[in-house]
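Engineer: Just need the structure, nothing else, for what follows:
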Amino acid sequence: MAGKAPSQRQLRVGELVRHALAEILSRGEVRDPELAGVAVTVPEVRLTPDLKRATAFVMPLGGAAPERVATALERNRRFLRGAVARRVDLKFAPELHFRVDTSFERGARIDALLSSPEVQRDLRTRTNEGE
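Structural biologist: Just a heads-up that it's a prediction; the model follows:
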């Protein structure tokens with residue numbers, strides 16, 4: 001699947017699974033000490049083309065350790081799969097896997113690079129050349 005854009009069906013089912021996971025996590029339905037009192041956001045869920053495997057990208061809010069939260073969710077993935085299956089009408093519930101979402105960190109790093117004096121200097125130079 002590397003290099004190939006996801007189909008509309010993959011995107012639609014990914015959103016359904018994402019919403020279901022977000023609801024389950026916000027209601028505190030997962031009974032795990034690592035997740036107690038931790039708000040977890042699910043920015044994205046990617047599905048394989050056959051819709052049998054879903055990778056949920058998660059990020060805890062409030063400074064919780066992201067790796068520990070992802071590990072706790074992995075530990076509880078059978079429960080979560082069943083809970084998602086009850087909320088999303090699919091022939092087969094996808095096998096769930098959890099990864100820490102690093103897109104916020106990448107975005108912050110890109111913002112920092114774009115704000116650096118060197119890049120600002122180069123941008124000013126290019127703007128002056130175009131006049």
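Engineer: Could you use CA atoms for every contact and neighbour count after this?
Structural biologist: OK.
Engineer: In this structure, what helix or strand scores lowest on average pLDDT?
Structural biologist: In the chain, no helix or strand scores lower on mean pLDDT, DSSP states H and E than helix 103-115, which sits at a mean of 69.
Engineer: Might one say that Asp101 is in contact with Met59?
Structural biologist: Yes. Using Cα atoms under 8 Å, Asp101 is in contact with Met59, at 5.7 Å.
Engineer: the more surrounded of those two?
Structural biologist: Remark: of Asp101 and Met59, Met59 carries more neighbours, 24 against 20, as counted by other Cα atoms under 10 Å.
Engineer: what about the more buried one, helix or strand, and which?
Structural biologist: In this structure, Met59 sits in strand 53-60 according to DSSP states H and E.
Engineer: residues contacting Asp101?
Structural biologist: 43, 57-59 (Cα atoms under 8 Å, 6 or more residues apart in numbering).
Engineer: Report the separation between it and Phe57.
Structural biologist: Separation of Asp101 from Phe57 (Cα to Cα, to the nearest Å): 5 Å.
Engineer: Spell out which residues are contacts of both of the two.
Structural biologist: Any residue near both Asp101 and Phe57 by Cα under 8 Å, 6+ apart counts here, and that gives Pro43.
Engineer: how about the strands in this structure?
Structural biologist: 40-47, 53-60, 95-100 (DSSP state E).
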